[in-house]
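In: Sequence and predicted structure are below.
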Amino acid sequence: MDILFCSLLSAVIIILIYWTIRSVHRQTQQQINAIVEKLPRPSEKATATASTNLSAYQLQAYERMTLFIERIRPANLLPRTMQAGQNVQQLQAALLQTIREEYEHNLTQQLYISDLAWESCKATKENIARGIIRTASALKPDEPATLLAQQLLTTGFNNGNDPIGQTLKLLKQELQKI
């Protein structure tokens, strides 16, 4: 009899707890729904503004990547990087460091430009860095930096492969599509 009474009492308590929790859950859900209904819904104007903002970010990204490519062009890079008394090894290290910093400064632009454009910009950066390394390796490390600068400016990309020009052309073509 005691077991039956305890079992019945336990069942009643469990049912009361279940109803209480269910009631609290319903009230909470109603409060959440009321709050959500009061939140402003995005209007067509807000959606259009967001789309316009994205286009503006894309435009800025293409501009910045064009600037990046122009800044790492050896003819533009050398005057900013060369210092009096440098040797070939020091200039090479400074050029590569400057290219790396320029690239890192523009990493976030990949969010707004096409994958093809981003890969082209990366490939151009790598081609320029390899060209600097290749040209510097043909010289003695302790020779004056002016020899490396002269070689970079006169030799350039004589093999007919102009990664800078190709990348700039691609950026301009993609920008026209936007």
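Out: Thanks, I have it. Residues are numbered from 1 along each chain as shown.
In: Can you give me the first-to-last residue distance of stretch 102-111?
Out: 17 Å (C-alpha to C-alpha, to the nearest Å).
In: Taking the centroid of the chain, which residue is nearest it?
Out: residue 108 (2.2 Å; C-alpha atoms, centre = their mean).
In: So that one: helix, strand or coil?
Out: Put simply, residue 108 is helix when judged by DSSP: H, G, I helix; E, B strand; the rest coil.
In: do you know how far it is from residue 76?
Out: Using C-beta to C-beta, to the nearest Å, residue 108 is found at 22 Å from residue 76. C-beta here means a position set from N, CA and C on the backbone, and glycine is covered the same way.
In: what's the next secondary structure element after the helix or strand bottoming out on mean pLDDT in the chain?
Out: The helix or strand of the chain with the lowest confidence, counting by mean pLDDT, DSSP states H and E, is helix 44-71 at a mean of 82. The helix or strand immediately downstream of helix 44-71 is helix 74-81, counting by DSSP states H and E.
In: Let me see the mean pLDDT of the helix or strand that that following helix is followed by.
Out: Sequence-wise, the next helix or strand downstream of helix 74-81 (DSSP H and E) is helix 88-105. The average pLDDT for helix 88-105 rounds to 97.
In: what's the angle from helix 88-105 to helix 74-81?
Out: Angle of helix 88-105 versus helix 74-81, following axes from the mean of the first three to the mean of the last three C-alpha atoms, to 10 degrees, is 100 degrees.
In: Need the contact partners of stretch 142-160.
Out: The contact list for stretch 142-160 (C-beta atoms under 8 Å, 6 or more residues apart in numbering) reads 74-75, 78, 82-83, 86-92, 127, 131-132, 135-136, 138-139, 163-164.
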